[in-house]
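A.B. asks: Turn this into a model:
(one chain, ligands or ions: 1)
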Amino acid sequence: MKQLIVYSSQGGNTKKLAEEIFRQLPDEKDIKPIAGAPDPSGYDIVCMGFWFKAGQPDPAAQEYLKKCGGCKVFLFASHGAASGSAHAKMGMNKAIELTGGATVAGTFSCQGEVPAKVMETAAGKDPQPPWLKDAPNAKGHPNGNDFMNLSDALIKAGLKTVATPKGGSVVDGSHAM
Ligand SMILES: Cc1cc2nc3c(=O)[nH]c(=O)nc-3n(C[C@H](O)[C@H](O)[C@H](O)COP(=O)(O)O)c2cc1C
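C.D. replies: Got it, this is the predicted structure:
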(Lines give C-alpha, C1' and ligand atoms only; values in the text may rest on other atoms or scores of the structure.)
Protein backbone atom coordinates (compact mmCIF):
# COMPACT_ATOMS: atom_id res chain seq x y z
CA MET A 1 0.00 0.00 0.00
CA LYS A 2 1.39 3.40 -1.02
CA GLN A 3 0.85 5.91 1.78
CA LEU A 4 1.50 9.64 1.89
CA ILE A 5 1.67 11.75 5.03
CA VAL A 6 1.34 15.49 4.40
CA TYR A 7 1.35 18.04 7.18
CA SER A 8 0.92 21.75 7.66
CA SER A 9 2.56 22.94 10.87
CA GLN A 10 3.56 26.43 11.93
CA GLY A 11 4.90 25.70 15.41
CA GLY A 12 5.81 22.00 15.17
CA ASN A 13 2.89 20.32 17.00
CA THR A 14 1.22 18.87 13.91
CA LYS A 15 4.63 17.90 12.56
CA LYS A 16 5.11 15.76 15.69
CA LEU A 17 1.83 13.96 14.96
CA ALA A 18 2.87 13.46 11.33
CA GLU A 19 6.22 12.00 12.35
CA GLU A 20 4.50 9.69 14.81
CA ILE A 21 2.15 8.46 12.07
CA PHE A 22 5.18 7.87 9.85
CA ARG A 23 6.80 5.86 12.65
CA GLN A 24 3.68 3.80 13.30
CA LEU A 25 2.51 2.97 9.77
CA PRO A 26 3.66 -0.24 8.16
CA ASP A 27 4.14 -0.56 4.36
CA GLU A 28 5.58 1.92 1.87
CA LYS A 29 5.23 5.52 3.01
CA ASP A 30 6.38 9.07 2.30
CA ILE A 31 6.20 12.09 4.60
CA LYS A 32 6.18 15.65 3.22
CA PRO A 33 5.58 19.14 4.57
CA ILE A 34 2.73 20.83 2.76
CA ALA A 35 4.98 23.21 0.82
CA GLY A 36 5.79 21.22 -2.30
CA ALA A 37 3.80 18.13 -1.27
CA PRO A 38 3.05 15.79 -4.17
CA ASP A 39 -0.34 15.44 -5.80
CA PRO A 40 -2.45 13.15 -3.59
CA SER A 41 -3.93 11.18 -6.47
CA GLY A 42 -1.04 8.72 -6.85
CA TYR A 43 -1.47 7.25 -3.36
CA ASP A 44 -3.70 4.56 -1.82
CA ILE A 45 -4.15 6.69 1.30
CA VAL A 46 -3.24 10.25 2.21
CA CYS A 47 -2.82 11.15 5.89
CA MET A 48 -3.35 14.89 5.91
CA GLY A 49 -2.50 16.98 8.99
CA PHE A 50 -3.35 20.57 9.82
CA TRP A 51 -3.56 23.01 12.71
CA PHE A 52 -6.59 25.04 13.65
CA LYS A 53 -6.79 28.70 12.78
CA ALA A 54 -10.06 30.56 13.36
CA GLY A 55 -11.86 27.27 14.04
CA GLN A 56 -10.85 25.80 10.67
CA PRO A 57 -7.94 24.01 9.04
CA ASP A 58 -5.11 26.52 8.51
CA PRO A 59 -5.14 28.20 5.08
CA ALA A 60 -2.35 26.13 3.48
CA ALA A 61 -4.07 22.91 4.54
CA GLN A 62 -7.38 24.13 3.15
CA GLU A 63 -5.85 24.36 -0.33
CA TYR A 64 -4.44 20.83 -0.14
CA LEU A 65 -7.64 19.34 1.29
CA LYS A 66 -9.49 20.63 -1.77
CA LYS A 67 -7.23 18.46 -3.96
CA CYS A 68 -8.11 15.27 -2.03
CA GLY A 69 -11.60 14.79 -3.50
CA GLY A 70 -11.04 11.43 -5.16
CA CYS A 71 -8.76 10.06 -2.46
CA LYS A 72 -8.97 7.94 0.65
CA VAL A 73 -7.82 10.11 3.55
CA PHE A 74 -6.97 9.96 7.23
CA LEU A 75 -7.28 13.45 8.70
CA PHE A 76 -5.36 14.59 11.77
CA ALA A 77 -4.96 17.90 13.52
CA SER A 78 -3.74 19.77 16.56
CA HIS A 79 -5.55 22.64 18.21
CA GLY A 80 -5.70 24.73 21.36
CA ALA A 81 -9.28 23.65 22.12
CA ALA A 82 -9.93 20.59 24.30
CA SER A 83 -9.92 17.20 22.56
CA GLY A 84 -13.46 16.14 21.71
CA SER A 85 -14.84 19.67 22.25
CA ALA A 86 -17.50 21.10 19.95
CA HIS A 87 -14.85 23.45 18.55
CA ALA A 88 -12.52 20.52 17.75
CA LYS A 89 -15.33 18.61 16.06
CA MET A 90 -16.39 21.65 14.06
CA GLY A 91 -12.86 22.17 12.67
CA MET A 92 -12.55 18.52 11.69
CA ASN A 93 -15.97 18.58 10.01
CA LYS A 94 -14.86 21.62 8.07
CA ALA A 95 -11.81 19.68 6.85
CA ILE A 96 -14.01 16.78 5.72
CA GLU A 97 -16.27 19.23 3.91
CA LEU A 98 -13.27 20.81 2.14
CA THR A 99 -12.21 17.45 0.67
CA GLY A 100 -15.50 17.49 -1.23
CA GLY A 101 -16.25 13.80 -1.08
CA ALA A 102 -13.00 12.06 -0.18
CA THR A 103 -13.38 8.66 1.48
CA VAL A 104 -12.55 9.36 5.12
CA ALA A 105 -10.89 6.26 6.65
CA GLY A 106 -10.57 7.98 10.02
CA THR A 107 -9.74 11.13 11.94
CA PHE A 108 -7.67 12.11 14.96
CA SER A 109 -7.10 15.38 16.74
CA CYS A 110 -5.59 16.50 20.03
CA GLN A 111 -4.39 19.62 21.74
CA GLY A 112 -1.14 21.25 20.67
CA GLU A 113 0.77 23.63 22.91
CA VAL A 114 -0.12 27.27 22.26
CA PRO A 115 2.73 29.78 22.65
CA ALA A 116 2.21 32.33 25.46
CA LYS A 117 2.37 35.20 22.98
CA VAL A 118 -0.47 33.68 20.90
CA MET A 119 -2.61 33.28 24.03
CA GLU A 120 -1.88 36.88 25.00
CA THR A 121 -2.98 38.15 21.58
CA ALA A 122 -6.14 36.00 21.67
CA ALA A 123 -6.95 37.25 25.19
CA GLY A 124 -6.91 40.82 23.89
CA LYS A 125 -9.69 40.10 21.39
CA ASP A 126 -13.33 40.96 21.98
CA PRO A 127 -14.98 38.52 22.07
CA GLN A 128 -12.22 36.13 23.08
CA PRO A 129 -12.03 33.02 20.89
CA PRO A 130 -13.86 29.97 22.30
CA TRP A 131 -10.70 27.79 22.39
CA LEU A 132 -8.73 30.19 24.60
CA LYS A 133 -10.09 28.85 27.93
CA ASP A 134 -8.72 25.37 27.05
CA ALA A 135 -5.39 26.60 25.71
CA PRO A 136 -3.39 26.57 28.99
CA ASN A 137 -4.11 22.81 29.25
CA ALA A 138 -2.51 22.29 25.85
CA LYS A 139 0.93 22.75 27.43
CA GLY A 140 3.14 19.73 26.72
CA HIS A 141 0.87 18.37 23.97
CA PRO A 142 1.04 16.38 21.84
CA ASN A 143 2.45 13.88 24.36
CA GLY A 144 2.86 10.12 24.73
CA ASN A 145 -0.77 9.68 25.68
CA ASP A 146 -1.85 11.50 22.51
CA PHE A 147 0.41 9.17 20.50
CA MET A 148 -1.31 6.13 22.04
CA ASN A 149 -4.72 7.58 21.14
CA LEU A 150 -3.37 8.24 17.66
CA SER A 151 -2.32 4.59 17.47
CA ASP A 152 -5.90 3.55 18.36
CA ALA A 153 -7.28 5.85 15.65
CA LEU A 154 -4.93 4.35 13.04
CA ILE A 155 -6.03 0.83 14.02
CA LYS A 156 -9.69 1.86 13.84
CA ALA A 157 -9.06 3.30 10.38
CA GLY A 158 -7.58 -0.02 9.27
CA LEU A 159 -4.13 1.45 8.63
CA LYS A 160 -2.31 -0.84 11.05
CA THR A 161 -3.11 -3.77 13.30
CA VAL A 162 -0.90 -3.59 16.38
CA ALA A 163 -0.98 -1.04 19.17
CA THR A 164 2.07 1.14 19.72
CA PRO A 165 2.46 2.11 23.36
CA LYS A 166 4.34 5.15 24.64
CA GLY A 167 8.02 4.54 24.09
CA GLY A 168 7.55 2.84 20.77
CA SER A 169 7.84 -0.92 21.28
CA VAL A 170 5.18 -3.00 19.58
CA VAL A 171 2.66 -4.93 21.66
CA ASP A 172 0.37 -7.54 20.17
CA GLY A 173 -3.09 -8.30 21.56
CA SER A 174 -2.00 -11.32 23.60
CA HIS A 175 0.57 -9.38 25.59
CA ALA A 176 -1.24 -6.07 25.97
CA MET A 177 -1.64 -4.97 29.57
C1 LIG B 1 -2.92 32.50 14.73
C2 LIG B 1 -3.41 31.30 15.50
C3 LIG B 1 -4.76 31.00 15.49
C4 LIG B 1 -5.24 29.89 16.21
N5 LIG B 1 -6.58 29.60 16.17
C6 LIG B 1 -7.02 28.50 16.82
C7 LIG B 1 -8.40 28.15 16.75
O8 LIG B 1 -9.22 28.78 16.08
N9 LIG B 1 -8.81 27.06 17.44
C10 LIG B 1 -7.96 26.30 18.20
O11 LIG B 1 -8.41 25.33 18.81
N12 LIG B 1 -6.63 26.59 18.26
C13 LIG B 1 -6.16 27.66 17.59
N14 LIG B 1 -4.81 27.97 17.62
C15 LIG B 1 -3.89 27.06 18.34
C16 LIG B 1 -3.15 26.12 17.38
O17 LIG B 1 -4.07 25.50 16.48
C18 LIG B 1 -2.40 25.00 18.13
O19 LIG B 1 -1.44 25.53 19.01
C20 LIG B 1 -1.75 24.02 17.17
O21 LIG B 1 -1.24 22.93 17.89
C22 LIG B 1 -0.62 24.65 16.37
O23 LIG B 1 -0.09 23.64 15.53
P24 LIG B 1 1.37 23.73 14.92
O25 LIG B 1 2.36 23.78 16.07
O26 LIG B 1 1.52 22.49 14.11
O27 LIG B 1 1.45 24.95 14.07
C28 LIG B 1 -4.33 29.07 16.93
C29 LIG B 1 -2.96 29.39 16.92
C30 LIG B 1 -2.50 30.48 16.20
C31 LIG B 1 -1.01 30.76 16.18
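A.B. asks: contacts, neighbours, all on C-alpha from now
C.D. replies: Noted.
A.B. asks: And the residue nearest the centre of the chain?
C.D. replies: Ranked by distance to the mean C-alpha position of the chain (C-alpha atoms, centre = their mean), the top residue is residue 76 at 2.1 Å.
A.B. asks: In its sheet, which strands sit next to the host helix or strand of it, and in what direction?
C.D. replies: Per DSSP states H and E, residue 76 falls inside strand 72-79. Counting by DSSP bridges, the strands paired with strand 72-79 are strand 45-53 (parallel), strand 103-111 (parallel).
A.B. asks: Rebuild those as JSON lines, extending it with mean pLDDT, distance to residue 146 and mean neighbour count.
C.D. replies: JSON lines is the format used below for those (pLDDT from 0 to 100; distance: least, C-alpha to C-alpha, whole Å; neighbours: other C-alpha atoms under 10 Å):
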{"stretch": "strand 45-53", "mean pLDDT": "98", "distance to residue 146": "15", "mean neighbour count": "25"}
{"stretch": "strand 103-111", "mean pLDDT": "98", "distance to residue 146": "7", "mean neighbour count": "21"}
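A.B. asks: Which among those is found nearest to the ligand?
C.D. replies: Closest approach to the ligand among the strands paired with strand 72-79 is made by strand 45-53 (3.5 Å; C-alpha to the nearest ligand atom).
A.B. asks: who touches that closest one?
C.D. replies: 1-10, 14, 17-18, 40, 57-59, 61, 65, 71-80, 91 (C-alpha atoms under 8 Å, 6 or more residues apart in numbering).
A.B. asks: near the ligand, from the residues you listed?
C.D. replies: Restricting the contacts of strand 45-53 to those near the ligand by C-alpha under 6 Å from any ligand atom leaves 9, 10, 14, 78, 79, 80.
A.B. asks: just the helices in this protein please.
C.D. replies: 13-24, 59-65, 86-99, 116-123, 144-156 (DSSP state H).
A.B. asks: Tell me which of these sits most buried.
C.D. replies: helix 13-24 (a mean of 20; mean count of other C-alpha atoms under 10 Å).
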